[in-house]
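Chemist: Mind looking at a prediction? Sequence and model below.
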Amino acid sequence: DGGITQSPKYLFRKEGQNVTLSCEQNLNHDAMYWYRQDPGQGLRLIYYSQIVNDFQKGDIAEGYSVSREKKESFPLTVTSAQKNPTAFYLCASSISGIGAKNIQYFGAGTRLSVL
Amino acid sequence: AQSVTQLDSQVPVFEEAPVELRCNYSSSVSVYLFWYVQYPNQGLQLLLKYLSGSTLVKGINGFEAEFNKSQTSFHLRKPSVHISDTAEYFCAVSVIYNQGGKLIFGQGTELSVKP
């Protein structure tokens, strides 16, 4: 089945540690996205990528980094500079290009907590 | 700038009663509109979408929504809810640019169906 796989489902970070969240898709989508979800705040865009080897900052990129070396993969690193990383992280993908309507499909999410 | 407002943060309703979840958006250009559903500790699932054509859109699980351009609204309705409809619902508007795009989400509405 085609879809988006996020791993791990739960992740714990120690003080000063960088952690990486994985996102893989086999939908052949060009565009991929990372969102952060906090209770009562909806979804906020961290980073997005419309094509391999290119990505842009979203609304809350500080303290995060990404890479897009393969079409299928868009890992998110939560760095030690992110002082409040506890949240639910969601990855999504969509078709890109002329005529695309930006219909996004989501993974099951990773819940990150600080030890 | 585009924005989305979900007018109710929580909607309690009894089983088999009708429900309406309200969504208003602001946009100066043509819009694509979406409703997503999120069950606890899961990702977002696309419930329905408005891209063009008929203003009444039918989705999964018996939900429907009506696009009203003059009132800039996209309210979600179901004539008779089930316990299993208990979840958080997000309204979103698509921003299209440079062959790409991103979604702007509302804050979410928590639907609680009681027996």
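Modeler: Thanks, I have the structure now.

Chemist: Point out where chain B drops to low pLDDT.
Modeler: B:28, B:30, B:97-100 (pLDDT under 70).

Chemist: Now for the residue nearest to A:Lys9 when sequence neighbours are not counted, how many residues are close by?
Modeler: Once flanking residues are discounted, A:Lys9 sits nearest to A:Thr110: 6.4 Å by C-beta to C-beta, 6 or more residues apart in numbering or on different chains. C-betas here are computed from N, CA, C, even on glycine. Using other C-beta atoms under 10 Å in any protein chain shown, A:Thr110 has 22 other residues around it.

Chemist: and A:Thr110, what is it in contact with?
Modeler: A:Gln6, A:Ser7, A:Pro8, A:Lys9, A:Tyr10, A:Leu11, A:Leu21, A:Phe88, A:Tyr89 (C-beta atoms under 8 Å, 6 or more residues apart in numbering or on different chains).

Chemist: give me the beta-bridge partners of the residue nearest to the spatial centre of chain B?
Modeler: In chain B, the residue lying closest to the centroid (C-alpha atoms, centre = their mean) is B:Trp35, at 3.2 Å. Beta-bridge pairing for B:Trp35 (DSSP bridges): B:Leu48, B:Cys91.

Chemist: Spit out the contact partners of it.
Modeler: B:21, B:23, B:46-49, B:59, B:63, B:65, B:74, B:76, B:89-92.

Chemist: what's the closest of the residues you listed to A:Gln25?
Modeler: Nearest to A:Gln25 among those is B:Leu46, at 15.0 Å by C-beta to C-beta.

Chemist: Wait, that closest one touches B:Tyr36, no?
Modeler: Yes. Here B:Leu46 reaches B:Tyr36: they are 5.8 Å apart, a contact under C-beta atoms under 8 Å.

Chemist: Identify the contacts common to these two.
Modeler: Common neighbours of B:Leu46 and B:Tyr36 (C-beta under 8 Å, 6+ apart) do not exist.

Chemist: more neighbours, the two?
Modeler: B:Tyr36 (25 against 16).

Chemist: any idea how far that one lies from A:Ile4?
Modeler: Plainly put, B:Tyr36 is 14 Å away from A:Ile4 if you go by C-beta to C-beta, to the nearest Å.

Chemist: intersection of neighbour lists for these two?
Modeler: Common neighbours of B:Tyr36 and A:Ile4 (C-beta under 8 Å, 6+ apart) are A:Phe106.

Chemist: which residues touch the closest residue to A:Asn102 other than its chain neighbours?
Modeler: Excluding the flanking residues, the one nearest A:Asn102 by C-beta to C-beta, 6+ apart is B:Gly101, at 3.5 Å. By C-beta under 8 Å, 6+ apart, B:Gly101 lies in contact with A:Ala31, A:Ser94, A:Ser96, A:Ala100, A:Lys101, A:Asn102, B:Ser94, B:Val95.
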